[in-house]
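K.L.:
with the input below, show me the fold.
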Amino acid sequence: MDSESNALPYANFVAYTVKDTTLVLGAASDMDGRVSLELKPGNYLFKIGFLAFKDLWIGPSVVGSEGLRLGPIILQTDIEQLQAVEITGERSQMELYIDKRVINVQQDLSNRGKNAAEILDNIPSVSVSVEGDVSLRGNENVRILVNGKPSGLTGISGNSALRQLQGDLIESIEVITNPSAKYEAQGEVGIINIILKKDQGPGINGSVDLTAGYPSLYGGSGNINWRRDKWNVFSSLGFRNQENPGFGTIDQRFFTADTSYSFVNERKHRRGGNSFNFRLGTEWNISEYWSLTFSGLVSKAEGNNTLNLTYDDFDESGQLTRSSSRHEDETEDTENLEFDLNLVKTFSVKDRKWTFDIKRALNEDLESSIIDQDFSDQAGDILKQRSSNAENSQNLVLQTDYIHPFGTGKKFETGLRTGLRTIQNDFQVEQFEDVWTFLPDFTNDLRYDEWITAGYGIFSSEKNKWAYQLGLRAEYSDIRTELLLTQEKNPRSYLNLFPSAFLTYKSSPQISYQLNYSRRIDRPRFWFLIPFYGYGDSRNFFAGNPDLNPEYSHNLELNRLGRSKKGSFMTSVYARFEDGIIQRVTFAGDTGTYTYPINLGNGYSLGAEISGTLDITEIWKLNGSVNAYFNDQNGFYEGLDYSFSTWAWNGRLNNKLEFKEILDFQASLRYRSGQDNVQGRQKSITSLDLATSRDVFKGKGTLTFNLSDVFNSRTRRSVVEQPGYYSENTFQWRSRLFSVSLNYRINQKKGRENKRDYMDGEDMGG
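P.N.:
Numbering: from 1, shown residues only. Below you'll find the predicted structure:
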């Protein structure tokens, strides 16, 4: 700590032998100023140092079998250093841990002014479809958390709500490809954890961000933190207004025994509106061993969306027979309210800790549409329809975790968790024929109740260069769906065990190897269970399937993590074996298509991934990743064989040039190859983002210019082919965007210099 009892993060703490002052081990203090070393019994000298403070030596001190406690340690300011030193370092854009990757999104210039969905789409191994679905290593069965817990910010009818969260409020994103038994088993391919800003620096500090762009983007956000003695108060506020123009085409052809016909569907849409987020929290360090944190989050959004569709119908000879135009005006109001309570008890014994968490979330989403359609062969006749969709959810999570170390390098972890969630979806479609009349085939009212209770135990041990961790998680799921109009009920309950295992070998301080295994589950998403949703396109319907069962997977991964002064690299090979695979399939009807999910069969995926960072020169830095995989699936449905296999790869390369005190320049290139799927093929996508920034206001601010999707090429193209039906589809959610953003820092440096000796995430047990 400093002389005013403020914690000093990233202070260097180094142990030397008394006999010949040989350096034994070193570490850096965490955000609370705490630091610890694993030392063999013996006689040591300790050196503690931090920029702008005088070095402090302690010792000789004897470390016995019960350890040694030195703190609290007070460092005194060095006036000469304080006048001369200037912190210019930044945290690495991507930090590689043994069990996860942490992406510090604020260090990526191309993320300035973007929302959460756009930032996720800019992360190695992660991609976001034009509909807002998030995938990891090419698979959409991924669990998305906010601050380590489920959140209404990830939406109840999909992940589109991520577009309402300003990226300026996000501190970092954790990518966990093979979670241990401590984490929820939900998410077949892993977990993506979004960490919101909560600065821990002493005194008052914060930042303000302003953004404007074309087409139609403006917004602002700010966060402020006050830390004094035992209290820390943090708050953030964000507002955004944006309109996303896009387009799409569908060329559909139908072949039956007695006739053939086709139609072309062209669409233009504009989606957007206002969104607002406010977060407030406080942390109270009650005593040396007790702390309590409480926070609340409010988010609201008002959407105004338009959709224009044109249908051109052709006969079997290709002659135009009919045209029609369909227009939809939709309003969408979303409200989300969350509360978090976290109680932490630490002990005099190093690493022993008990935590208790409560989370309560309420979410409401109201959509209302007015639809008009006219026909070329029915002059003056206009079809009038309207639809409404009311969704609301309530979520309660109770969780407790305990860590107990014993012996040398051994510890046992255990915990309990229960989650209760209720969602109700009321979807209605009406048509005007003298009076408004409900269309019963497109009207439903579904109630979804979910109760998941879990417990886990983990044992880990570390000795010399080896470490291992064994874990087992048990989850009981009780899920009930009911169609309130027809009183159809579909209760499901099942008990599953999810083992996990990690084995780590550290060949040197810079190089580690890890072999890990876990079993995972992917329960059907809520919107996969709804009988029907969406009516903007009257010829291509999307529905759910209340009879879906969970999908299970066994995941095996081998990693090599290497660090040097020039960069960090992680190489991974992985395998995933799946049972009860959930796939969305499209079927041709008399007037269009129906798409809904089914349990198809089983399959496996094999892949390899390389990700890392490299400082080529003092001004030129690279980071990126390449992921290549083979996917094979087998399954039959209604007498048709839906088996397929495919090779695919995707990659991202980020170039950054840093000209100190002048400007920074960044170019990000992304590529996703084409690949076969259950009914056709997804075509490749290539895109380029450019950004440049310059410090202003004597280093207190940063001005950034960002051009996203330079060639306007971020467009999904796909082909669907099955007996009696063929289609080619093109869809772009949002066109090229230019934006300007200003970040102004209050009592903050542009970046904290990370003084760790070797690698973050030194816990070899994973």
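K.L.:
pull out the buried residues from stretch 460-479.
P.N.:
Residues of stretch 460-479 classed as buried: 460-462, 467-473, 475, 477, 479 (neighbour count, 16 or more other C-beta atoms under 10 Å). Using the backbone N, CA and C atoms, a C-beta is placed for each residue, glycine as well.
K.L.:
format the residues you listed as TSV; extra columns: distance to Ser65, pLDDT and secondary structure.
P.N.:
Shown next, in TSV, are those (distance: C-beta to C-beta, whole Å; pLDDT from 0 to 100; DSSP: H, G, I helix; E, B strand; the rest coil):
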residue	distance to Ser65	pLDDT	secondary structure
Ser460	21	92	strand
Ser461	18	92	strand
Glu462	17	88	strand
Ala467	21	89	strand
Tyr468	23	91	strand
Gln469	24	92	strand
Leu470	26	95	strand
Gly471	28	95	strand
Leu472	31	97	strand
Arg473	34	97	strand
Glu475	40	97	strand
Ser477	46	95	strand
Ile479	51	93	strand
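K.L.:
poorly predicted segments of the stretch 451-600 of the chain, please.
P.N.:
Scanning the stretch 451-600 of the chain for pLDDT under 70 picks out 533.
K.L.:
and the strands in it?
P.N.:
466-483, 488-508, 511-522, 540-542, 551-563, 567-579, 582-588, 593-599 (DSSP state E, counting those that start in this stretch).
K.L.:
nearest to Ile48, out of these?
P.N.:
Within those, the stretch nearest Ile48 is strand 551-563; the backing value is 23.9 Å (C-beta to C-beta).
K.L.:
what about Pro499, distance to Thr177?
P.N.:
Applying C-beta to C-beta, to the nearest Å, the value for Pro499 to Thr177 is 17 Å.
K.L.:
neighbour count winner among the two?
P.N.:
The neighbour comparison of Pro499 against Thr177 (other C-beta atoms under 10 Å) goes to Thr177, with 23 against 13.
K.L.:
which strand or helix spans the residue nearest to the spatial centre of the chain?
P.N.:
Closest to where the C-alpha atoms of the chain average out (C-alpha atoms, centre = their mean) is Ile192, at 3.9 Å. Secondary structure from DSSP states H and E places Ile192 in strand 191-196.
K.L.:
so which other helices or strands are in contact with that strand?
P.N.:
Where contact means 3 or more C-beta pairs under 8 Å, 6 or more residues apart in numbering; DSSP states H and E, strand 191-196 is packed against strand 143-146, strand 170-176.
K.L.:
now the element after that strand, going C-ward?
P.N.:
Downstream of strand 191-196, the first helix or strand assigned by DSSP H and E is strand 203-214.
K.L.:
what separates Asn139 from Arg101, distance-wise?
P.N.:
Going from Asn139 to Arg101 by C-beta to C-beta gives 17 Å.
K.L.:
who's more crowded, the two?
P.N.:
Between Asn139 and Arg101, Arg101 has the larger neighbour count (other C-beta under 10 Å), namely 22 against 18.
K.L.:
in the sheet, who's paired with that one?
P.N.:
Leu96, Val175 (DSSP bridges).
K.L.:
what's near enough to touch Tyr671?
P.N.:
Asn650, Gly651, Arg652, Ser684, Ile685, Thr686 (C-beta atoms under 8 Å, 6 or more residues apart in numbering).
K.L.:
and with 7 Å instead?
P.N.:
Asn650, Gly651, Thr686 (C-beta atoms under 7 Å, 6 or more residues apart in numbering).
K.L.:
mind giving me the ChimeraX select for those, buried ones only?
P.N.:
Of the contacts of Tyr671, the buried ones can be selected in ChimeraX as follows, counting by 16+ other C-beta under 10 Å:
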select :650,651
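K.L.:
scan the protein for its longest strand.
P.N.:
For the chain, the longest strand by residue count, based on DSSP state E, is strand 378-406.
K.L.:
that one packs against which elements?
P.N.:
Contacts defined by 3 or more C-beta pairs under 7 Å, 6 or more residues apart in numbering; DSSP states H and E place strand 378-406 against strand 353-375, strand 410-433.
K.L.:
after the longest one, next one along is what?
P.N.:
Following the chain from strand 410-433 toward its C-terminal end, the next helix or strand by DSSP H and E is strand 435-438.
K.L.:
what lies in contact with that next one?
P.N.:
Looking at what lies outside strand 435-438 - C-beta under 7 Å, 6+ apart - the contacts are Gln428, Glu430, Gln431.
K.L.:
quick one: strands adjacent to that strand?
P.N.:
As defined by DSSP bridges, the strand partners of strand 435-438 come to strand 410-433 (antiparallel).
K.L.:
alpha carbons of the strand it pairs with, as PDB, please.
P.N.:
What follows is strand 410-433, C-alpha atoms only, in PDB (Å, rounded to 0.1, in the frame of the first residue of the first chain):
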ATOM      1  CA  LYS A 410      -3.000 -29.000  -3.100                       C
ATOM      2  CA  LYS A 411      -6.600 -27.600  -2.800                       C
ATOM      3  CA  PHE A 412     -10.200 -28.700  -2.900                       C
ATOM      4  CA  GLU A 413     -13.000 -26.600  -4.300                       C
ATOM      5  CA  THR A 414     -16.700 -27.200  -4.000                       C
ATOM      6  CA  GLY A 415     -19.900 -25.300  -4.600                       C
ATOM      7  CA  LEU A 416     -23.700 -25.400  -5.000                       C
ATOM      8  CA  ARG A 417     -25.800 -23.500  -7.500                       C
ATOM      9  CA  THR A 418     -29.500 -23.200  -8.200                       C
ATOM     10  CA  GLY A 419     -31.200 -21.200 -10.900                       C
ATOM     11  CA  LEU A 420     -34.900 -20.500 -11.500                       C
ATOM     12  CA  ARG A 421     -36.100 -19.000 -14.700                       C
ATOM     13  CA  THR A 422     -39.600 -18.400 -16.000                       C
ATOM     14  CA  ILE A 423     -40.400 -17.000 -19.500                       C
ATOM     15  CA  GLN A 424     -43.700 -16.300 -21.100                       C
ATOM     16  CA  ASN A 425     -44.200 -15.600 -24.800                       C
ATOM     17  CA  ASP A 426     -47.500 -14.400 -26.200                       C
ATOM     18  CA  PHE A 427     -47.400 -14.200 -30.000                       C
ATOM     19  CA  GLN A 428     -50.400 -13.100 -32.100                       C
ATOM     20  CA  VAL A 429     -51.200 -12.500 -35.700                       C
ATOM     21  CA  GLU A 430     -54.400 -10.800 -37.000                       C
ATOM     22  CA  GLN A 431     -55.700 -10.100 -40.400                       C
ATOM     23  CA  PHE A 432     -58.300  -7.400 -41.400                       C
ATOM     24  CA  GLU A 433     -61.400  -8.700 -43.200                       C
END
